[in-house]
Structure formats: C-alpha cells, structure tokens
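Enquirer: can't give you the sequence, but here's the structure:
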C-alpha cells in the first residue's frame, strides 16, 4: 500500500523567509501527488497536484512543488512566506489509475514569526 | 468557503451513544466522501458515495455507517461510541465518481467529543 511521510511535525519561519516542506512517498509506481492546506477551524483546501509531465508544479497562493522521482519526494516551496500562511499542510498520494482517493501524511504545522 | 456544509459544528456525547453527522455537498456534486481526523491516526478516508451508491470504502469501523440520500446530502452514523472516536469528521464532495480525477472540496468539519 502507498504511504506518505512528512518528516517535520512543526516548521517555524520568519515572515518573508522562504519555505520548504518535505514529503516522501512510498509506492512502486509514480502516484498522484497532492498538497493540501488546513487553516484553523476550516477544512482542507487543495494547493496543487501532480499527475504527470512537468515536475515543477505551480499552485495557488504562490506555492509550488517539485516531484523528484529519484528521491520519491514532492516538496512544497514558497519563496516568501506571509503571516497568513500559518496553517497545517498535508501531503497526500493516490494510486495512479485507481480511485484518486488520497492517503494523507500526518501533516506539518507551519508557524510564522513576524 | 468551499460550498460544502456540515452540521453540527460541535457534538459532545457519552460513551455508548449514537450520533448522526450531516453533510450537504456543493451544488451539482454527486460524490460525497467522509474522513476522520484524529491525533492518533491522522486524516483517514472512511467511505465514499456517488449518486446514492457506496463506491469506495476505507478504514471505516463496523459501528459506523453512512448513506447518501436522493437529494445528495449524506449522513454518517456513529454508534456504540468509544472515547477513541473523538475526532474531527470531514465531509468532502466532488463532481464525479472514480473514473477520472475530480477535485475534492472539504467542509469545515464536525468536532465530536466522546466523554
């Protein structure tokens, strides 16, 4: 079964600094890959997804992610973090050619210092 | 606002009791998904319905059941509640079923506390 690991439980950055959230997946083939954001008291919102093609994916809110097959990684990046980016971020994988129902990582909590 | 509504927002009940969580999908969406988010297990898929029929099943306990009604709203029934069922329960909806990718839109969740 596929699995996804987010090695960082918490990440603290200063406002305006760059951000990288790590995600590694375990699956024989290339799965579908997703990043979601969960703001306090709200449901999850899709930031971006990767199915195939260009390995650098642009998403909403200025986020991007890069798929690296050799490292089984799909790290999320943002060049300059805003205080409103403080939230929980979830990486997820789904079987390619399957049900598209994601399996989620445990999440990374982003704290932004002024 | 995703367009998915869930009621109630909070629910406090006792062990052994039964509760019903309600979800109204986005207008036009035919699929409804239920997820459980807990500190122990993280975010886990429970079950999916498409146009009234069960389509996919995840880690849903036998004490839990769900259904989707003709007006496409869905209910998740949790019975014989245990302390460990305390969690945030999310509903999500999407336009289609399983044949192709359809983005899921998540509701704000129902926080269940079992005392």
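Expert: That came through, no problem. Just so you know, these numbers come straight off a predicted model, no measurement behind them.
Enquirer: residues contacting the one residue in chain A that gets nearest to chain B?
Expert: When distances are taken as CB to the nearest CB, chain A approaches chain B most closely through residue A:43, which lies 3.2 Å from it. C-beta coordinates here come from the backbone N, C-alpha and C atoms, glycine included. Residues in contact with residue A:43, defined by CB atoms under 8 Å, 6 or more residues apart in numbering or on different chains, are B:2, B:4, B:90, B:92, B:105-109.
Enquirer: those residues in strands, which ones?
Expert: Assignment to strands by DSSP state E places the following of the contacts of residue A:43 there: B:90, B:92, B:105-106.
Enquirer: the contacts of residue A:43: which two are farthest apart?
Expert: Using CB to CB, the pair of these lying farthest apart is B:105 and B:109, separated by 12.9 Å.
Enquirer: if we can go back for a sec, per-residue pLDDT, the residue of chain A closest to chain B?
Expert: Note for residue A:43: predicted pLDDT of 90.
Enquirer: equivalent analysis for the one 3 residues further on, please.
Expert: We note a pLDDT of 95 for residue A:46 in this prediction.
Enquirer: where's it, which helix or strand?
Expert: In this structure, residue A:46 is located in strand A:44-50 according to DSSP states H and E.
Enquirer: try residue B:36
Expert: Judged by DSSP H and E, residue B:36 forms part of strand B:31-38.
Enquirer: contacts for the very next helix or strand once past that strand?
Expert: For strand B:31-38, the succeeding helix or strand toward the C-terminus, using DSSP H and E, is strand B:42-50. For strand B:42-50, contacts defined as CB under 8 Å, 6+ apart pick out A:44, A:90, A:99, A:101-107, B:30-38, B:54-60, B:64, B:66-68, B:74, B:76, B:90, B:96-98.
Enquirer: ignoring the adjacent residues along the chain, who's closest to residue A:69?
Expert: By the measure of CB to CB, 6 or more residues apart in numbering or on different chains, the closest residue to residue A:69 outside its immediate chain neighbours is residue A:30, 6.5 Å from it.
Enquirer: the one you found contacts residue A:70, correct?
Expert: No - with contacts defined as CB atoms under 8 Å, residue A:30 does not count as touching residue A:70, sitting 11.6 Å away.
Enquirer: tell me how many other residues surround residue 57.
Expert: This is for chain A. 21 (other CB atoms under 10 Å in any protein chain shown).
Enquirer: sorry, I should have been clearer: chain B.
Expert: For residue B:57, the neighbour count with other CB under 10 Å is 11.
Enquirer: could you report the neighbour count for the closest residue to it other than its chain neighbours?
Expert: The shortest distance from residue B:57 to any residue that is not its chain neighbour, by CB to CB, 6+ apart, is 5.4 Å, and that residue is residue B:47. The local packing of residue B:47 (other CB under 10 Å) involves 23 other residues.
Enquirer: got any ranges where chain A has weak pLDDT?
Expert: A:28, A:96-98 (pLDDT under 70).
Enquirer: 90 instead?
Expert: Within chain A, the stretches falling below the threshold (pLDDT under 90) are A:1-3, A:26-31, A:40-42, A:52-53, A:94-102, A:114.
Enquirer: got the residues of it near chain B?
Expert: Proximity of chain A to chain B is confined to A:32, A:41-46, A:49, A:51, A:90, A:99-107 under the rule CB under 8 Å from any CB of the partner chain.
Enquirer: residue nearest the centroid of the chain?
Expert: No chain in the question, so chain A it is. To find the centre residue of chain A, average its C-alpha atoms and take the closest one (CA atoms, centre = their mean): that gives residue A:35, at 3.5 Å.
Enquirer: you looked at the wrong chain, it should be chain B
Expert: residue B:34 (2.9 Å).
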